[in-house]
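[1] Task: produce atomic coordinates for the following.
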Amino acid sequence: MKKFIFAFITLCSLQSFAQRSSRPQFTYDISGGVGSYDSNSYTQLQLGLNWYAYEWLNWRNAAFTQFGSSINNVYGLDSSILFQTSAYTQNRDAGVEVFLGPGVRLASENSNAGFAQGGITFALGGLRLGFGAQALHYWAERTDKNDVVMPKDEVNYFITVSGGGSF
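    Okay, the predicted model is just below:
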C-alpha cells in the first residue's frame, strides 16, 4: 500500500510539471453520502470549498451535517489534503480525475475523527460528477439516540456534484 501511495503522489507531481494548469484556484461543490452501522443507516450532506495549490494538490474543507433515524445529528468540518491526477481534453471540456488523501473531522457529538478518502470524478462541459469513499476512525466513544455504542470505524460512500463553480 505504501508503494502505491508513493507511486500515486509521484505520478501526480510529474503530471503537474508536464502540463500547465488551466484549473481555477478555488472551486466549490455539494456532496451527499450514506453510511451504516449495525443495520442503521444515515445520510451525510457537505458543502465543500477546494483550494488547488497545485494541479495535483487540493486542500478541501467541507461543512457537513450527518443525520438518521437512530443517530444524533452531527455537524462539523472535514478538512483534507487530496493528491490527484487527471486526464482532460485540450480545452478541458471532458475529463476524469482520481483523488486520494488523509483528513481530519472536527465535529459535535464526540464525532472527531481521522479519515482517508478517495474517489473518481468525471467532467463533461461544466458538470462534474464524482464518486468515492471516506473511511473514518473516531477518537472517542460515540452513542446513538438509544445509547447504543457506535463503532469506532466506519465507511461513508458519497456522490459529489458541481457545476463548475469557481472564483
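
[2] Tell me who's in contact with Trp149.
    Rather than Trp, residue 149 is Val. Counting by CB atoms under 8 Å, 6 or more residues apart in numbering, Val149 touches 141-143. C-beta coordinates here come from the backbone N, C-alpha and C atoms, glycine included.

[3] which one among these gets closest to Ser70?
    Of all the contacts of Val149, Ser70 sits closest to Thr143, with 10.5 Å by CB to CB.

[4] Low-confidence regions, the protein specifically.
    Low-confidence segments of the chain (pLDDT under 70): 1-23, 164-165, 167.

[5] quick one on the thing from earlier: which one among the contacts of Val149 gets closest to Asp93?
    Closest approach to Asp93 among the contacts of Val149 (CB to CB): Arg142, at 44.3 Å.

[6] I'd say that closest one and Ser111 touch.
    Yes. Contact criterion CB atoms under 8 Å: Arg142 and Ser111 qualify, at 6.0 Å.

[7] that older thread, which one (most neighbours) among the contacts of Val149?
    Within those, most neighbours by other CB atoms under 10 Å means Arg142, with 22 neighbours.

[8] Next, that residue: phi, psi?
    phi -120, psi 150 (degrees, to the nearest 10).

[9] residue contacts, it?
    Contacts of Arg142 by CB under 8 Å, 6+ apart are 109-111, 149-150.
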